[in-house]
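Visitor: no sequence for this one, just the structure:
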């Protein structure tokens, strides 16, 4: 049989351990500010759920929902959760494109179109924010 374990120390027994030290201060720098804080024009790309690949993968707003003769809330909700990037120009190297709206982005909007309601690209083109200036 294994030897008996020693009895636990009594609560009134003096402790031979020093009191615990406070935790050390954080050594890492604070995280960088978020991209949307640096570039409010692109805030929507963090809030809208789905990116369509537009000129790279031929995914467009009109593919999201079928046109309807009456407006449908569910179709509008689904449509407006999408945006297209790149919407206006085809990148010279699609594999290297960063999906940063530098070639134009457009939000999807649910609008009347020739007697129907459909999902279409917004007429407003949004482009990426300018690159930060190099340090002097």
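Guide: It's in. This one's a predicted model, so the numbers in the text were calculated from it and none came from an experiment. Numbering: from 1, shown residues only.

Visitor: And the pLDDT at the closest residue to residue 81 other than its chain neighbours?
Guide: Counting by C-beta to C-beta, 6 or more residues apart in numbering, the nearest residue to residue 81 once its immediate chain neighbours are dropped is residue 49, at 4.3 Å. In short, each C-beta sits where N, CA and C put it, glycine included. Taken from the predicted model, the pLDDT recorded for residue 49 is 77.

Visitor: Count the neighbours of residue 49 for me.
Guide: The burial count assigned to residue 49 is 9, neighbours taken as other C-beta atoms under 10 Å.

Visitor: And residue 86, by the same measure?
Guide: Applying the criterion other C-beta under 10 Å, we find 21 residues in the vicinity of residue 86.

Visitor: same thing with the one 5 residues further on?
Guide: When neighbours are defined as other C-beta under 10 Å, residue 91 has 15 of them.

Visitor: The one 4 residues further on too?
Guide: Neighbour count for residue 95, taken as other C-beta under 10 Å: 6.

Visitor: Skip the chain neighbours and tell me the closest residue to residue 125.
Guide: In space, not counting the residues next to it along the chain, residue 125 is nearest to residue 104; the distance is 4.9 Å by C-beta to C-beta, 6+ apart.
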